[in-house]
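Participant: Prediction below, plus the sequence it came from.
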Amino acid sequence: MMVVNVSEAKAQLSRLIDLVYHGESVTIAKNNLPLVDLVPHKVRGRRTLGALAGLIQIPEDFDQEDSVINEMFYGETQPAEGKDGTN
């Protein structure tokens, strides 16, 4: 494993990148304390649309208000409004 200080890394960045590309471990240090590891970029795989289909179940009452949560937001329990906006 190679440890280089920040100023040396600035001066030799291309060489360090080449070393990492070929499998060498490189750590960049500041004041002799390891700061970061220089690592090659890993290409992420593509996401598959619908990969979790059938694995997640949403309860029937998912969009219903919860009286405990309403009380945390509004203080006392608020009376439910009718469909026409009246109590």
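Facilitator: Thanks, I have it.

Participant: contacts, neighbours, all on C-alpha from now
Facilitator: Will do.

Participant: Okay, Arg47 and His41: tell me how far apart.
Facilitator: Between Arg47 and His41 the computed distance is 18 Å (Cα to Cα, to the nearest Å).

Participant: which residues in the protein form strands?
Facilitator: For the chain, the strands defined by DSSP state E occupy 2-5, 26-30, 33-38.

Participant: what's the angle from the second one to strand 33-38?
Facilitator: Interaxial angle of strand 26-30 relative to strand 33-38 (axes from the mean of the first three to the mean of the last three Cα atoms, to 10 degrees): 140 degrees.

Participant: Each with direction, which strands does strand 26-30 pair with?
Facilitator: Paired with strand 26-30 in the same sheet, following DSSP bridges, are strand 2-5 (parallel), strand 33-38 (antiparallel).

Participant: Out of the strands of the chain, which one sits most buried?
Facilitator: Highest mean neighbour count among these (mean count of other Cα atoms under 10 Å): strand 26-30, with a mean of 18.

Participant: average pLDDT across it?
Facilitator: Average pLDDT, strand 26-30: 97.

Participant: try stretch 72-85
Facilitator: Averaging pLDDT along stretch 72-85 gives 68.

Participant: Identify each buried residue in stretch 9-20, please.
Facilitator: Of all the residues in stretch 9-20, those buried under the rule 16 or more other Cα atoms under 10 Å are Ala9, Leu16, Ile17, Leu19.

Participant: starting at the chain centroid, how far to stretch 11-24?
Facilitator: Chain-centre distance of stretch 11-24: 28 Å, with Cα atoms, centre = their mean, to the nearest Å.

Participant: Please report how far Ser7 lies from Asn32.
Facilitator: Separation of Ser7 from Asn32 (Cα to Cα) stands at 12 Å.

Participant: cool, Ile58 as well?
Facilitator: For Ile58, the distance to Asn32 equals 52 Å [Cα to Cα].
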